[in-house]
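Peer 1: Quick one, structure for this:
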Amino acid sequence: LDHNLLQSLPKDMNALPNLRVLSVAGNQLKDLPSRLSSLTSLTSLNASQNQLFSLPKSLTTLSSLQSLQVSENQLASLPDGMGTDMPALRCLVLMYNQLKSL
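Peer 2: Below is the predicted model of the structure:
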C-alpha cells in the first residue's frame with residue numbers, strides 16, 4: 001500500500017489476524033488506528049513518510065512486532081512502553097521526526 005494517497009486505513013483490517021507485514025509508507029496518514037493491535041501476527045510495520053503526529057499506545061501490545069519504521073513523520077513523542085513493552089522489537093526507525101527526548 002506504499003505511495004498512494006491513503007488518508008486512513010480500512011476499518012476491517014482486524015479481519016487479517018495472520019498478516020505479518022504491513023507497509024503504508026508514503027501516504028497521507030495522520031494517525032494509525034488503535035485497532036492495529038488486533039493484528040497479532042504482525043512482525044513488520046512501515047508507516048514512514050506520512051503525517052503522523054502520534055502513535056497509538058496499542059502498538060505496544062503487538063508482542064510479535066520486530067520492526068517498526070516511522071521515519072519522516074511529525075512525531076514529537078512516543079507512547080509509554082514503546083520498546084520496553086515490546087519483547088520482539090529489534091528495529092525501531094525514528095529519523096526525521098520532531099522528537100526531543102525518548
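Peer 1: which residues in the chain form helices?
Peer 2: Under the criterion DSSP state H, helices are not mapped anywhere in the chain.
Peer 1: can you give me the strands in it?
Peer 2: All strands of the chain, identified by DSSP state E, fall at 21-23, 44-46, 67-69, 91-93.
Peer 1: Is it possible to get JSON lines of these that adds mean pLDDT?
Peer 2: Converted to JSON lines, the strands of the chain look like this (pLDDT from 0 to 100):
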{"stretch": "strand 21-23", "mean pLDDT": "98"}
{"stretch": "strand 44-46", "mean pLDDT": "98"}
{"stretch": "strand 67-69", "mean pLDDT": "98"}
{"stretch": "strand 91-93", "mean pLDDT": "96"}
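Peer 1: how about these, which one is nearest T84?
Peer 2: Within the strands of the chain, the stretch nearest T84 is strand 91-93; the backing value is 11.3 Å (Cβ to Cβ). From N, CA and C alone the C-beta is placed, and that goes for glycine too.
Peer 1: Give me the packing partners of that closest one, helices and strands only.
Peer 2: Under the contact criterion of 3 or more Cβ pairs under 8 Å, 6 or more residues apart in numbering; DSSP states H and E, the helices and strands touching strand 91-93 comprise strand 67-69.
Peer 1: Okay, and the beta partners of the closest residue to V21 other than its chain neighbours?
Peer 2: By the measure of Cβ to Cβ, 6 or more residues apart in numbering, the closest residue to V21 outside its immediate chain neighbours is S44, 4.6 Å from it. Taking DSSP bridges, one finds V21, S67 as the beta-bridge partners of S44.
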